[in-house]
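Undergrad: Fold the following, please.
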Amino acid sequence: MSGARYDLEDRLVRFGAGICRLTEHLPASPVGKHVALQLIRSATSPLANYGEVQGAESRRDFVHKLGICVKELRETRAWLKLISEMGLGVEDQLGSAIEECDELLAILATSIRTARQNGRNRM
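TA: Model (predicted):
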């Protein structure tokens, strides 16, 4: 279990760093700057919140904090889709960023389902 936890943490680090690098290529226009800042915030938040997940005080707290990670990843995906729709010049990087975002969402959603199921099985 601990190996998987660190693998996910490493993936969240790489994902956040990749998104930060992607934003460096957005235009310096007001729209580009706004989207970049929002995207940086939402894409790096799952890593910070995942640190909180690791220190969860209960199963309910664990599920809640994982849910925050999922929420932030969904927001990140929405910003990536907006960038694509607006053609802000990073098309070559968007596909892999959206793919990794989707994979991280699937992993975290599965973790939430498993934690909830394990909680019900113990009652």
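
Undergrad: separation between the residue lying closest to residue 80 once chain neighbours are set aside and residue 64?
TA: Counting by CB to CB, 6 or more residues apart in numbering, the nearest residue to residue 80 once its immediate chain neighbours are dropped is residue 98, at 5.2 Å. Any C-beta I mention is one placed from the backbone N, CA and C, and that applies to glycine too. With distances defined as CB to CB, to the nearest Å, the gap from residue 98 to residue 64 amounts to 26 Å.

Undergrad: any weak-confidence spans in this protein?
TA: Across the chain, the ranges flagged by pLDDT under 70 are 1-6, 120-123.

Undergrad: and stretch 39-57, how far from the chain's centre?
TA: For stretch 39-57, the distance from its own C-alpha centre to the chain's C-alpha centre is 8 Å (CA atoms, centre = their mean, to the nearest Å).

Undergrad: Also stretch 11-28?
TA: What separates the centre of stretch 11-28 from the centre of its chain is 12 Å, taken as CA atoms, centre = their mean.

Undergrad: In that stretch, which residues are buried?
TA: Residues of stretch 11-28 classed as buried under the neighbour-count rule (16 or more other CB atoms under 10 Å) are 11-12, 15-16, 19, 22-23, 26.

Undergrad: cool, and stretch 31-40?
TA: By neighbour count with 16+ other CB under 10 Å, stretch 31-40 contains the buried residues 32, 35-36, 38-40.

Undergrad: wait, doesn't the residue nearest to residue 80 sit right on residue 82?
TA: No: with contacts counted by CB atoms under 8 Å, residue 98 stays clear of residue 82, the gap being 11.6 Å.
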